[in-house]
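Trainee: here is the input, now give the coordinates:
(one chain, ligands or ions: 1)
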Amino acid sequence: MAAAPETKTVHSPALTYFSMLSLLSLCPPFVILLWYTMVHADGSVVQTRNYLKQHGLQGFIDIWPRPTAIAWKIIFVYGAFEAALQLLLPGKRVEGPVSPTGNRPVYKANGMAAYFVTLVTYISLWWFEIFNPTVVYDHLGEIYSALIFGSLIFCVFLYIKGHVAPSSTDCGSSGNLIIDFYWGMELYPRIGKNFDIKVFTNCRFGMMSWAVLAVTYCIKQYELNGKVSDSMLVNTTLMLVYVTKFFWWEAGYWNTMDIAHDRAGFYICWGCLVWVPSVYTSPGMYLVNHPVNLGMQLALYILVAGILCIYINYDCDRQRQEFRRTNGKCKIWGKAPSKIEATYTTTSGETKTSLLLTSGWWGLARHFHYVPEIFAAFFWTVPALFNHFLPYFYVVFLTILLFDRAKRDDDRCRSKYGKYWKLYCNKVPYKIIPGIY
Ligand code: NDP
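Mentor: Next up is the predicted model:
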């Protein structure tokens, strides 16, 4: 089996092993502690720490919910529904970017339709009293617990599939079991010809669950208090605007690192199946029991600032994609784009050319789009005010993730484009924050 070149150069070997083993062992318990603190310990890290100090390891085992039949049922029905929508809803045929071995995967762009059908179905089930979303909130710990174990097994399946039945030539082993399990073996694993596993895990299960849980938290607060606080409304609206933007632009997402470069393994798939529904939604989870009253004016300021950040983030992605789609024949901020024509060689030895945009948002810094992404997350968290740190965990995590991602992407592009990337770095010297970093 071919080597997996991209898995070797991500970080230094020591850092790679350290981060892999820590994430593999620390993420699952963290998800449970996060849920426990938000739902049962008033969002207070100190309260949870005192509990653990008093009760030790046994106390931790006691708070870890066992996956129950109802939790498995909710996950299975939700997963099957999303898989059916992915397969059955109509959508435009979209070609993904050329892969490192020269393949061009084909997708069906039906994400927005799936998103719409999911939210309408979920809210209708509540409205017509067929299923109450508060059941999901009341069994959240069990659901996360089931997701943690179920997704680990799913990652083992991905590992075995990568070895015995890869879907394309974009597959390879690094020769190391842990690295293969963690970073994945296949770039575009599929079941049959049409069911793309990463579209399911990242988009239709992970990102979709973000919207579904945001709505769930809102409904839970409404059922608890007979009304929804303005802080919860701002949080839910901003998260829904963000996820709507995501599905609106889903075909663009298929050109990004997650899909085009990161292989299907624990890092990306477990992350999307467990980390997104738990950590990404956590500010809303906190607000359920902490309804802050912001007042109309402050609520509106936060809402507008958040929407502006989401819009700028969207516009950065849109600009890059429009530029690539039109082969540079488009207007960037009203002018012809400035660009670099970068040639590179695929692993099969073919020479290809990519255009690098060096004006517009992409002329401010090489990864400027991460700045509005981080601020948007801050704005949907700040309605929780500052009584506790934990609601801000996602913002801190996202900042670390995106700074690391900028480094990973720069390293990858440097090895892909060589002197042309150097030229881009000379023209656009800042990595993320113009004038600073
Ligand atoms: P992108 O994949 O969109 O951009 C990086 C890629 O674009 C590079 O690998 C390179 O790919 C190409 N590229 C780089 N510079 C240029 C340029 N100047 N002109 C044209 N193409 C260029 O980045 P991300 O996947 O990191 O981000 C996509 C979106 O997802 C962003 O909005 C980001 O904020 C969001 N995101 C959100 C996360 C979250 O957890 N909330 C996590 C990560 C991202 P190529 O090989 O094609 O040249």
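
Trainee: state the pLDDT value of the residue sitting furthest away from the middle of the chain.
Mentor: Centroid-distance maximum for the chain: residue 54 at 35.5 Å, with CA atoms, centre = their mean. Predicted confidence (pLDDT) for residue 54: 96.

Trainee: so which elements touch the helix or strand containing it?
Mentor: Residue 54 is located in helix 45-63, with elements delineated by DSSP states H and E. Helices and strands touching helix 45-63, by 3 or more CB pairs under 8 Å, 6 or more residues apart in numbering; DSSP states H and E, are helix 13-40. C-beta: built from backbone N, CA, C; applies to glycine.

Trainee: please state the offset of the helix it packs on from the chain centre?
Mentor: Counting by CA atoms, centre = their mean, to the nearest Å, helix 13-40 is centred 16 Å from the centre of its parent chain.

Trainee: and for stretch 238-250?
Mentor: For stretch 238-250, the distance to the chain centre is 12 Å (CA atoms, centre = their mean).

Trainee: of all of the stretch 151-300 of the chain, which residue lies closest to the ligand?
Mentor: Relative to the ligand, the nearest point of the stretch 151-300 of the chain is residue 256 (3.1 Å; CB to the nearest ligand atom).

Trainee: give me the number of residues near the residue lying closest to residue 140 once chain neighbours are set aside?
Mentor: Leaving aside its sequence neighbours, residue 140 sits nearest to residue 35 (CB to CB, 6 or more residues apart in numbering; 6.0 Å). By other CB atoms under 10 Å, 23 other residues sit near residue 35.

Trainee: got the contact list for the spatially closest residue to residue 43 that is not a sequence neighbour?
Mentor: Of all residues not flanking residue 43 in the chain, residue 388 sits nearest, at 4.3 Å (CB to CB, 6+ apart). Each residue near residue 388 by CB atoms under 8 Å, 6 or more residues apart in numbering is listed here: 42-45, 286.

Trainee: so which of those wins on neighbours?
Mentor: Neighbour-wise, the contacts of residue 388 (other CB under 10 Å) top out at residue 286, 26 neighbours.

Trainee: show me what contacts it?
Mentor: Here residue 286 is in contact with 38, 43, 384, 388, 390-391 (criterion: CB under 8 Å, 6+ apart).

Trainee: of all those residues, which two lie farthest apart?
Mentor: Maximum pairwise distance in these, criterion CB to CB, is 10.5 Å, between 38 and 384.

Trainee: and the stretch 201-350 of the chain, which residues reach the ligand?
Mentor: Contact residues (CB under 6 Å from any ligand atom) of the stretch 201-350 of the chain with the ligand: 256-258, 313, 317, 320.

Trainee: how about a cut-off of 8 Å?
Mentor: 252-253, 255-258, 260-261, 276, 280, 313-314, 316-317, 320, 323-324, 339-340, 342 (CB under 8 Å from any ligand atom).

Trainee: in strands, which of the residues you listed appear?
Mentor: 339-340, 342 (DSSP state E).

Trainee: my guess is residue 228 contacts residue 218, does it?
Mentor: Yes: contact criterion CB atoms under 8 Å: residue 228 and residue 218 qualify, at 5.7 Å.

Trainee: more neighbours, those two?
Mentor: residue 218 (23 against 19).

Trainee: contacts only, for the more buried one.
Mentor: 228, 232-233, 236, 284.
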